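In: Any chance you could fold what I've pasted below:
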Amino acid sequence: MHGFRLKKACGEMYFMYDPSSGTFRYPAHGDRDVGYHYPAITVIFDGRTGELRGSEFASGENAGITFTNWVSAIHARTIGGMAMQILVGVMGIVIAMLSITGVYIWWKKRRGRKLPASGGRRNDGSALNNALRYLREAK
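Out: Residues are numbered from 1 along each chain as shown. As a prediction, the model looks like this:
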């Protein structure tokens, strides 16, 4: 059947009629599925005769749809088994830790830039400011 094999039907509730084209559309799982949650094949039948009109694949024919399905499958952790689930979980923790440590480092630097309590002077380390301060104090 057009170079693919159906594995599992989704059930009668997914059988849809499209009155504009006079066709029935039936999504099903097949050998081109990216993950296991979403059906990747839609089989299209003529609404009057029941003849096969065509099929649509969620992977391989349209680059945009293929990319979207792969990103969705990775996000939902439905590919790669337990190893992929662990990898995605660890990467989520790493991203959270980078965010927390980034805010912490920013906060420490911000506190270090504030004026010190003694004398109200700020030592920002620039040579020009140090020279100007020396000239003012020498008067």
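In: so where do the strands sit in this protein?
Out: 6-9, 16-18, 23-30, 41-46, 52-57 (DSSP state E).
In: Can you name every helix or strand that the fourth one contacts?
Out: The elements that strand 41-46 packs onto, with contact taken as 3 or more Cβ pairs under 8 Å, 6 or more residues apart in numbering; DSSP states H and E, are strand 23-30, strand 52-57. C-beta coordinates here come from the backbone N, C-alpha and C atoms, glycine included.
In: Would you mark the buried spots in the shortest one?
Out: Pointing back at strand 52-57 there. For strand 52-57, burial by neighbour count (16 or more other Cβ atoms under 10 Å) applies to 53, 55, 57.
In: Find the nearest non-adjacent residue to the first one, please.
Out: Which is R53. Of all residues not flanking R53 in the chain, I44 sits nearest, at 4.5 Å (Cβ to Cβ, 6 or more residues apart in numbering).
In: Who does the one you found form a beta bridge with?
Out: Note on I44: beta-bridge partners by DSSP bridges are R25, G54.
In: Can you check what pLDDT the model gives V94?
Out: On pLDDT, V94 comes in at 97.
In: distance of it from K108?
Out: Separation of V94 from K108 (Cβ to Cβ, to the nearest Å): 21 Å.
In: Q85: which of the strands of the chain is closest?
Out: Of all the strands of the chain, strand 23-30 sits nearest to Q85, with 20.1 Å by Cβ to Cβ.
In: Can you name every helix or strand that that closest one contacts?
Out: Partner elements for strand 23-30 (3+ Cβ pairs under 8 Å, 6+ apart): strand 6-9, strand 16-18, strand 41-46.
In: which outside residues touch the second one?
Out: The contact list for strand 16-18, computed with Cβ atoms under 8 Å, 6 or more residues apart in numbering, reads 23-26, 47.
In: follow-up on the earlier one: of the buried residues of strand 52-57, just say which sits nearest to E137.
Out: F57 (78.1 Å).
In: From T66, how far out is that closest one?
Out: In terms of Cβ to Cβ, F57 sits 9 Å off from T66.
In: Spell out the residue ranges of the helices in this protein.
Out: Remark: helices assigned in the chain by DSSP state H are 63-75, 81-113, 127-138.
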